[in-house]
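J.: mind folding the following:
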Amino acid sequence: MPAAPSRTLLARGRALALGPRTLVMGILNVTPDSFSDGGRSAAPDSALANARRLVTEGADLLDVGGESTRPGHTPVEAEDEWARLAPVLAPLAAETGVPISVDTYKASVARRALEAGAVIVNDVWGFSRDPDMAKVVAEYDAAAVIMHNRTEVDESLDIVADMLDFFAKALDTADKAGVKRERLVLDPGIGFGKSFPQNLSAIRRLGELRVLGLPILLGASRKSLIGKVIDTVPAERLPGTIASNVIAIMAGVEIIRVHDVAAHVQAARVAEAIRDAS
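T.: Predicted coordinates:
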């Protein structure tokens, strides 16, 4: 399958080229209960050191989260979430030079993060949880990742049809708030409100989301679907993550969100070369 057409994602005065070269978004969780690393980057000094490493490894973007959204997580108040993010966002934006995304579904946290230098809001509830989120994104001319999510699993659903309905509502919310389409990315939400078969189907059928005409981000890194195929803990799931992301790259996905940046930079370049060969 050929690469998706080249396009530009606008994010607070920055123009990010999307297309044949897949962007690699490095994950930085400044939480004490991250499913993937158990809170390795919870302390600000550790977070900054890990961010520098991700950039050195080739991260095109950094996605910084102050609240774990893994299944069974304990929700935190906005002030607590911001207390985790505040010590790292401004230094990251100033020092690394790469665009910073904030992983939050709370508009008040998104606003503070954008003031601190973030340029993308990664909303795991896709403009459906906080009624002010789309307004904040519009106010700051930020980009946004709209992720599909569900409060509960319904195995009877055609999950891609459910995504298309969810995204249509989110895009209507974005339009009403004044968020332009060239600022938006779609995320199928692997591991969120889906059964194991639905997660697999969501990745296999990524191309069906192209009908909406927007770039796609895949976040499958170290997730439980891999552990259900091969019995592994999160730290052992790099090969399965690479397999998932290579399939996505062959389908033309523009951004992959990963913990293991260096390995995915290499995998992405090889997958693109094969995909685009004559």
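
J.: next, the contact list for the nearest residue to residue 133 once chain neighbours are set aside, please.
T.: Leaving aside its sequence neighbours, residue 133 sits nearest to residue 107 (CB to CB, 6 or more residues apart in numbering; 4.5 Å). C-beta here means a position set from N, CA and C on the backbone, and glycine is covered the same way. Neighbouring residues of residue 107 by CB atoms under 8 Å, 6 or more residues apart in numbering: 130-133, 135-136.

J.: just send these back as JSON lines, with distance to residue 89 too.
T.: Below are these laid out as JSON lines (distance: CB to CB, whole Å):
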{"residue": "130", "distance to residue 89": "19"}
{"residue": "131", "distance to residue 89": "24"}
{"residue": "132", "distance to residue 89": "20"}
{"residue": "133", "distance to residue 89": "18"}
{"residue": "135", "distance to residue 89": "21"}
{"residue": "136", "distance to residue 89": "15"}
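
J.: pull out the buried members of the residues you listed.
T.: 130, 133, 135-136 (16 or more other CB atoms under 10 Å).

J.: any weak-confidence spans in this protein?
T.: Applying pLDDT under 70 to the chain flags the ranges 1-3, 33-42, 70-73.

J.: which parts of it are strands?
T.: With DSSP state E, the ranges of strands along the chain come out as 7-11, 14-18, 23-29, 61-65, 100-103, 120-123, 143-147, 184-187, 217-218, 255-258.

J.: closest to residue 163 out of those?
T.: Closest approach to residue 163 among these (CB to CB): strand 184-187, 8.2 Å.

J.: check which helices and strands that closest one is in contact with.
T.: On a contact count with 3 or more CB pairs under 8 Å, 6 or more residues apart in numbering; DSSP states H and E, strand 184-187 meets strand 143-147, helix 159-177, strand 217-218.

J.: what helices or strands is the shortest one leaning on?
T.: Contact here means 3+ CB pairs under 8 Å, 6+ apart; on that basis strand 217-218 packs against strand 184-187, helix 238-250, strand 255-258.
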